[in-house]
Every structure is written in C-alpha cells, then in structure tokens.
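K.L.:
predicted structure and sequence below. I'll ask about it afterward.
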Amino acid sequence: MVNQTYTADVLVVGGGTGGTAAAIQAARRGAKTILVSEFSWLGGMLTSAGVSAPDGNELEAFQTGLWGVFLQELRQRQPSGLDNSWVSFFSYDPRIGAEIFADWVQELPNLHWISGQVPIEVFRQGDSITGVRFADFAVTAKIILDGTELGDLLALGEIPYRWGWELQSEWGEPSAPVSFNSLTERYPVQAPTYVVIMQDFGELMSTTGAAAAPEIPPAPNYDPSQFTGAWDGYGAETFLNYGRFPGGRFMINWPICGNDYGEGVGRLIESDVTRGEFIQESRWHSQNFAHFIQNQLGRRYGLAKKVFPHTPTAFALHPYYRESRRLVGLTTVREQDILPVAGGRVASIFNDASVCVNEASLIGEAIAVGNYANDHHYPGVQFPLQPKSIRWGGRWTGTPFTIPYSCLIPATTDGFLVCEKNISVSHIANGATRLQPVVMAIGQAAGMAAAICVDLNCQPRDLPVKTLQTALLKDNRSKAAIIPLFNLPPNHSDWLHWQLYYLNNPQAYPASGDCPCQSWNEYPDSAFDKALIWESNCFKGIFYRLDRQEYRFTVTAPAAYQGQNWQLVTLRSHIDEQLRAYPHEQLVTLWGRHNHFGNWLLVEHLNGG
C-alpha cells in the first residue's frame, strides 16, 4: 500500500555507478532530485559490488568529469596512495569510495536519497513514464532514470529491451556468432562475480601470537576441481596482488578458474525468487574459492573483517554484474563503433544519430568516453573478439571510443533515460561499454540531460545534443571530456577549444587521437602537475628501449633500489612523447611512483642526465 507520494523533477532508481553519478549531476544542475537505492552504499561496481580496482579511462586525458574528481578524492582520502595492485592503476578500500559518494549526496539539499528500496511498479500515461512505486511510497517525476544493476525499470515499465546475444546477421558485428550455439545457450549474458575480500593475517599473527586466520568453511557444492590451476602461470603471490589494496587486503575477482559464476544466469530476470537463488549460489561459489585459496596457500589468509556493512563483512553487498537488460534505443552501439578506424588508434566519433535530426549532420552526438578493451567473461570458455588494444605509455591500453546520447533514449517511450549498463548496446559491444569509468560518465551525462530537460520543459529525445555537450564540457565542478584526445589533458589551456572543434567537425577527428595543438611538455603553472610531482619520488638509472612502446629502467639511485629493473609506464601524454624519443642506454632522472606489485615505475616527470 502506498503511504506517501513524493514529487520531484528527476527520479533516479538504483544507486549504482551510473545512477549515483546521474543523481549527483542532476542535483548539482539544480533539479529537485530523488535517488532511491537498494543498498546502503552508493556507487555500485565501484563500492558496493567490491570492484575497487577499476578498469579503463586510466590515461590522464580521460580522467575527467565525475570520474576524474572521484580519483582526486581517493588520492586525498587514502594517504598510502592508489598504486597497490597490478590489474589497475587505482586500487582503494571500497569503504572510502562509499564515503565519497555519501558525502557528495549529503552536501546537496535538493537531492533526497532513500535507501533499502527496490521498484515494484512503473506508472505510465500513454507513451510516457510518470512515476515508480516502491514498497510503501511512490515517486512521480518529470524525468525518470533507470540506474538499476539489471535494468529492472525496463521490464516493469514494459519498455522494449534486449537480453542475450545477437547474431552476426543483426548488425554485421565481426565477433558475433553466425548461429546460436551451446555457448550462447549456456551463457546468455556475461557471468557476474560475487567479489570477496581476503586478508593477509601474517603481520597480525606475528604480533598477537595467533596461530592462524579463522577457517573459511566450504559452502554447499564445494568442488576443488573447479578452481584447480587458478593461478598457474602467475604464481600465488602475483595472483593475490592482482587486486590488492591497503591493509594487506585483496579483492578476489578472478576470471581464470576463479569466482566468475554463470550457471543458470538467465534466472536473474525470471523472478525475484530465481534471482535470489542465483545470487546465493554465486556467493557460495566465491566462498568456495576463498576456502580453496586458504587450503592451498595456508591459514595466513582468511576473510577480511569489517569491510562491507552487512554480515558476512568480507562479501560485497551484491554481485558485480557485467551485463543487464539492454534498452532498445534510438541508436544502438555496435562492435564496429568501438573498434579503431583503419590504420588508426581511435574509434570514429559517434555521428549516426537519429535524434536531434536538425543537428546530427553537423555535429557528433558523443556524450561520454570509454577506452577499455572488449572484455567478455564466460567461465571455462575463451571467446575470441576483434582486437581493440594499443600500446601507449609503455603498456597496453584500449582504443578510445565515444557513447552517443541517443543510446540512452528509448525508441518509443518518453520521460525516461537509462544510465547504467542498460544503455542501447549490443551484447558484443557491452564488453567495453560496461566498465566502471565509462558507466560513471554515462550517468553524469544522463543526469545532466535530465536536469536540462526539466529546465527546457522538453522530452529527452527533443533535447538539443549540443546543449548537453556544452553543459558537460563547461561544468564548473567536474567538466567532462566527450572527445578522446590522447595529448590533451583537461588542464590544457586549449582543452575546450579542441573538444568543441571536433564535436562540430567530427569528420576532422584525427585517426591518431592526437590534436594538432602545441606540445605541452611542461606544466609550469599547473597545480595538478606540481601535486603529482610532489607525491612522486626521484630515481636515477639507465633507460632501455626494448621495443617501440616497451621500456625498462635499471636503478642506480637511491641506494635502496640499486640494481633493480622496472618497467617504465606513464599515463601522461607529454611523458609518453619523451619516452618515445629518449635515447637507448642513457642515464635518466625520473620522478614517479614505484608499484612493487606491478614491478613498474609510473613516471610523472622526466629529466635527462
């Protein structure tokens, strides 16, 4: 029974990565916003799902918008730094991430957050969504956003959506299957992972005299053969350091004979009961993997304590969902849209809009940037995909691509936007669009769009995309790049000029991903640059060029590291230029941060001799 009805300009349902970003951005833009979340933590993948070693948008030029500000906050609140794992350049205690989002929400008087609630019914008037009912209250709003982990409003509102695979005949995607087969039947969507946090109790045992970490009991259906060989080819220590974060803790989110779980994954959208069964099984599967790890590596390792705000505290609040229901939108992002152009390092700017038809031929409709490789998870299966990785900064990264505004808009429904993994995207392309930073950018764009629609009293499909793009680029708290340019960091004086230029002239976008602005080798007036160098350490040594984008460094000073050999990597474009030009076997002085677990030096500043 509905006891109360709230009204708002914007309603965001779901407190995941995209939903949280959308609600914050809509409220900062001035809209009266209500955010309703299932869990007591906001941030989804980045926090409550435990994926606190996120992938993608790691290059300095792509650290913009709310994602960039989130990284800055993490650096300030985690004094030990973010260089703790080898799978990501940013690993952190998920409790800190949750604190950041909670603080951002609480500082906004026009943002009302209600937790512990899930949608039960969606209200419609003709082709428009007008409200959502929860257990004992309802909310009506001018614009409603689906930020749920599995696209629940799509189903409740009878908004057309996709679930599962599309064949190659649908859109001509090169990696799509020609016909349905045993793989597509067994795994209609990518496998989720129930993240568990483990703890190295070694130091604690040595100081307290405790004999061992508490035993991790096996859960139902324990079968050690499922996990045999999980870290073969890596070694146990390297395996554990994959997702390490401070305090001797390890994020266990391991795809190789690990805790990805996809058995009967279709149950997630069949009913509340079957969804609950799948979630329970996936958590048991992760408990069994943790039990296996402890049995194999010893009672030095156990479940971490007091991480997540429920019992047991080592397990995330919900699974890490890699795929959900996917909207049938005005435009669908396909595999071709995320792959590099011929002979280039970037995908083309998305310019195939059926929305804002008066502008589409003149400007691109990009509203967010992603760059991660296309990454699919099917336990026990190697699924080949078209490559979209490049060498840059001494390491592998992904081809950058853009997300179009029209993939957030339903083909036939008004008053509604999506802002999570539920955008209009193919099953194949979802492997790149699902990553945490790009979903955060999608959420920011959706929240901005919703607030502007309220201001202009228009439907999302009628919002001029240029208005949205300009608002994102000029946001006074978290300006967001929407054109990927490797050599244009957000603090560059010409940043806005080149962003707007390529939006207005998408046909001029360079296949190299580098704009023709003057090389910016130094940032003499940049507080951002000075802070990075200040946080870094100085090292001297010999520079070795092993390949065009592979560098090694033998340390000569300081003495504590003398003789060690490290990989040199960078996230900064001007450092990438310097490394590409630096002479082989020459003495070099570097400022950077050493990541012991990745055995690399993240270079922030470079001098010769």
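P.N.:
Happy to help now that I have it.
K.L.:
tell me the helix or strand right after the helix or strand of the chain with the lowest mean pLDDT.
P.N.:
In the chain, no helix or strand scores lower on mean pLDDT, DSSP states H and E than helix 357-360, which sits at a mean of 39. Heading C-terminal from helix 357-360, the first helix or strand you meet, by DSSP states H and E, is strand 366-370.
K.L.:
now do that following strand: which elements does it pack against?
P.N.:
On a contact count with 3 or more C-beta pairs under 8 Å, 6 or more residues apart in numbering; DSSP states H and E, strand 366-370 meets strand 401-404, helix 436-456, helix 465-474. C-beta: built from backbone N, CA, C; applies to glycine.
K.L.:
using CSV, write down the CA coordinates of the last one.
P.N.:
These are the backbone C-alpha positions of helix 465-474, laid out as CSV (Å, rounded to 0.1, in the frame of the first residue of the first chain):
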residue,chain,number,x,y,z
VAL,A,465,22.6,17.4,-28.1
LYS,A,466,24.8,20.5,-28.5
THR,A,467,23.2,22.0,-25.4
LEU,A,468,24.0,18.8,-23.4
GLN,A,469,27.6,18.6,-24.7
THR,A,470,28.3,22.2,-23.9
ALA,A,471,27.0,21.8,-20.3
LEU,A,472,29.2,18.7,-19.8
LEU,A,473,32.3,20.5,-21.2
LYS,A,474,31.7,23.6,-19.1
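K.L.:
would Asp406 count as being in a strand?
P.N.:
One correction, residue 406 is Ser, not Asp. No: counting by DSSP: H, G, I helix; E, B strand; the rest coil, Ser406 falls outside a strand, being helix.
K.L.:
my guess is it meets Val328, correct?
P.N.:
No: counting by C-beta atoms under 8 Å, Val328 is not a contact partner of Ser406; they are 11.8 Å apart.
K.L.:
please enumerate the strands of the stretch 101-250 of the chain.
P.N.:
Using DSSP state E, counting those that start in this stretch, the strands of the stretch 101-250 of the chain run over 111-115, 121-125, 128-133, 137-146, 161-162, 196-200, 244-245, 249-252.
K.L.:
who touches both of Ser406 and Val328?
P.N.:
The contact sets of Ser406 and Val328 overlap at Ser424 (C-beta atoms under 8 Å, 6 or more residues apart in numbering).
K.L.:
looking at the two, which is more packed in?
P.N.:
Neighbour totals were compared for Ser406 and Val328, and Ser406 leads with 26 against 16 (other C-beta atoms under 10 Å).
K.L.:
select the longest helix from this protein.
P.N.:
Using DSSP state H to define each element, the chain has its longest helix at helix 272-297.
K.L.:
may I see the buried residues of that helix?
P.N.:
Using 16 or more other C-beta atoms under 10 Å as the test for burial, helix 272-297 gives 278-279, 281-294, 297.
K.L.:
now for it, which elements pack on it?
P.N.:
When contacts are defined as 3+ C-beta pairs under 8 Å, 6+ apart, helix 272-297 packs onto strand 196-200, helix 236-241, strand 249-252, strand 301-303.
K.L.:
picking that back up, turn the helices and strands packed on strand 366-370 into a markdown table, including distance to Thr20 and mean neighbour count.
P.N.:
Shown next, in a markdown table, are the helices and strands packed on strand 366-370 (distance: least, C-beta to C-beta, whole Å; neighbours: other C-beta atoms under 10 Å):
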| stretch | distance to Thr20 | mean neighbour count |
| --- | --- | --- |
| strand 401-404 | 18 | 28 |
| helix 436-456 | 7 | 27 |
| helix 465-474 | 17 | 20 |
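K.L.:
for those, which one sits closest to Phe70?
P.N.:
helix 436-456 (7.2 Å; C-beta to C-beta).
K.L.:
now that closest one - C-alpha only, CSV.
P.N.:
Output of helix 436-456 as CSV, limited to C-alpha atoms (Å, rounded to 0.1, in the frame of the first residue of the first chain):
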residue,chain,number,x,y,z
GLN,A,436,33.1,1.5,-14.3
PRO,A,437,34.6,4.8,-15.6
VAL,A,438,32.5,4.9,-18.8
VAL,A,439,29.3,4.0,-16.9
MET,A,440,30.1,6.8,-14.5
ALA,A,441,30.4,9.2,-17.5
ILE,A,442,27.2,7.9,-18.9
GLY,A,443,25.5,8.5,-15.6
GLN,A,444,26.8,12.0,-15.4
ALA,A,445,25.6,12.8,-18.9
ALA,A,446,22.2,11.3,-18.2
GLY,A,447,21.8,13.3,-15.1
MET,A,448,22.8,16.5,-16.9
ALA,A,449,20.4,15.7,-19.7
ALA,A,450,17.5,15.1,-17.3
ALA,A,451,18.1,18.4,-15.5
ILE,A,452,18.3,20.4,-18.7
CYS,A,453,15.1,18.7,-20.0
VAL,A,454,13.4,20.0,-16.8
ASP,A,455,14.8,23.5,-17.4
LEU,A,456,13.6,23.5,-21.0
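K.L.:
Ser175 is in contact with Leu167, correct?
P.N.:
No: Leu167 is beyond contact range of Ser175, at 11.4 Å (criterion: C-beta under 8 Å).
K.L.:
residues contacting Ala102?
P.N.:
By C-beta under 8 Å, 6+ apart, the contact set of Ala102 is Trp41, Leu42.
K.L.:
for it, report the pLDDT, please.
P.N.:
If you check Ala102, the pLDDT there is 98.
K.L.:
could you do the one 5 residues further on as well?
P.N.:
With respect to pLDDT, Glu107 scores 98.
K.L.:
how close does it get to Lys32?
P.N.:
Note on Glu107: its distance to Lys32, by C-beta to C-beta, to the nearest Å, is 16 Å.
K.L.:
the two: which is more packed in?
P.N.:
Between Glu107 and Lys32, counted using other C-beta under 10 Å, Lys32 has the larger neighbour count: 20 against 11.
K.L.:
and for the more buried one, nearest residue in space, chain neighbours not counted?
P.N.:
Asp9 (4.5 Å; C-beta to C-beta, 6 or more residues apart in numbering).
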